[in-house]
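Q: build me a model from this:
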Amino acid sequence: MTEEETRQRMTALANDIESGALGEALARAASNANALINERIIKTGNNAEGDLYPPYSTKPMYAWCGSMTGAACKNAQGKYKRKRPKDSTDPLKSFLLVGGYKEYRELHDRPTEFVDFMFKGDMWSNIMVVSTSEDHKKGTARISAPNPDQYAKLAGNTERKGQILDLNEAEVGIIAQIIGDELEDLIVKHGLQ
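A: Predicted structure coming up:
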């Protein structure tokens, strides 16, 4: 390859990068990062440092049939005497769940061995790449919840349990490999390997 051919190929590569090719690669990498985080937490309950998140609360809490599935309400009715809280004007009866949110999950047949931030799946289904293509061109990608209600849920869970959307060391390696492979593909595409 001559010096002029090399210069032309380098210019074409630079143009490809400036037009967003690397940004598109970053967006794909961020989407993969989201999937890796989601899978790790749902399957293991581990944070990015490899530790389990603090367990579900066992602080007693009130729950009412209107906030529960029919089956969970019947389970609670069989376990507790229904009563109305002192300050309630709501016609629905409520239960004091002595086992707290952990018991609430158990009444709904949800796992409680470790925290997976998954009850109905709303939070996880709303976590996605929220950064723009312009952000990606500048080398920034962000994963979050775009819906204000789900963002509030994510923020509240993060405050209570610690960082949720961090990558662990192995995941960082996978994402770095994805970006490296995409960059290598661009180099090969322009004949610069």
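
Q: tell me how the chain divides into domains.
A: 1-49+117-193, 56-113 (automatic domain parsing).

Q: between those domains, which gets the lowest average pLDDT?
A: Among the domains of the chain, domain 56-113 carries the lowest mean pLDDT, at a mean of 82.

Q: just checking, Asn46 touches Ile37?
A: No: taking contacts as CB atoms under 8 Å, Asn46 lies outside contact range of Ile37: 10.5 Å. Any C-beta I mention is one placed from the backbone N, CA and C, and that applies to glycine too.

Q: more neighbours: the two, which one.
A: Neighbour totals were compared for Asn46 and Ile37, and Ile37 leads with 21 against 15 (other CB atoms under 10 Å).

Q: how about the nearest residue to the more buried one, chain neighbours excluded?
A: In this structure, Ile37 finds its nearest non-sequential neighbour in Leu165, 5.9 Å apart by CB to CB, 6 or more residues apart in numbering.

Q: state the distance from Arg142 to Gly23.
A: Noted for Arg142: a distance of 13 Å to Gly23, by CB to CB, to the nearest Å.

Q: also Met61?
A: Counting by CB to CB, the separation of Met61 from Gly23 is 46 Å.

Q: so where's the longest helix in the chain?
A: Of all segments of type helix in the chain, defined using DSSP state H, the longest is helix 21-44.

Q: distance between that one and the chain's centre?
A: Distance of helix 21-44 from its chain centroid, counting by CA atoms, centre = their mean, to the nearest Å, is 10 Å.

Q: kindly export it (C-alpha atoms) in CSV.
A: This file holds the C-alpha atoms of helix 21-44, laid out as CSV (Å, rounded to 0.1, in the frame of the first residue of the first chain):
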residue,chain,number,x,y,z
ALA,A,21,-19.9,4.4,13.2
LEU,A,22,-18.1,4.3,16.6
GLY,A,23,-21.1,5.9,18.3
GLU,A,24,-23.3,3.1,16.9
ALA,A,25,-20.9,0.6,18.3
LEU,A,26,-21.0,2.3,21.7
ALA,A,27,-24.8,2.2,21.6
ARG,A,28,-24.7,-1.6,20.9
ALA,A,29,-22.2,-2.0,23.7
ALA,A,30,-24.4,-0.1,26.1
SER,A,31,-27.4,-2.3,25.2
ASN,A,32,-25.2,-5.4,25.9
ALA,A,33,-24.1,-3.9,29.2
ASN,A,34,-27.7,-3.4,30.2
ALA,A,35,-28.5,-7.1,29.4
LEU,A,36,-25.4,-8.3,31.3
ILE,A,37,-26.4,-6.3,34.4
ASN,A,38,-30.0,-7.4,34.2
GLU,A,39,-29.0,-11.1,33.9
ARG,A,40,-26.5,-11.0,36.7
ILE,A,41,-28.8,-9.4,39.2
ILE,A,42,-31.9,-11.4,38.4
LYS,A,43,-30.0,-14.7,38.4
THR,A,44,-27.7,-14.2,41.3
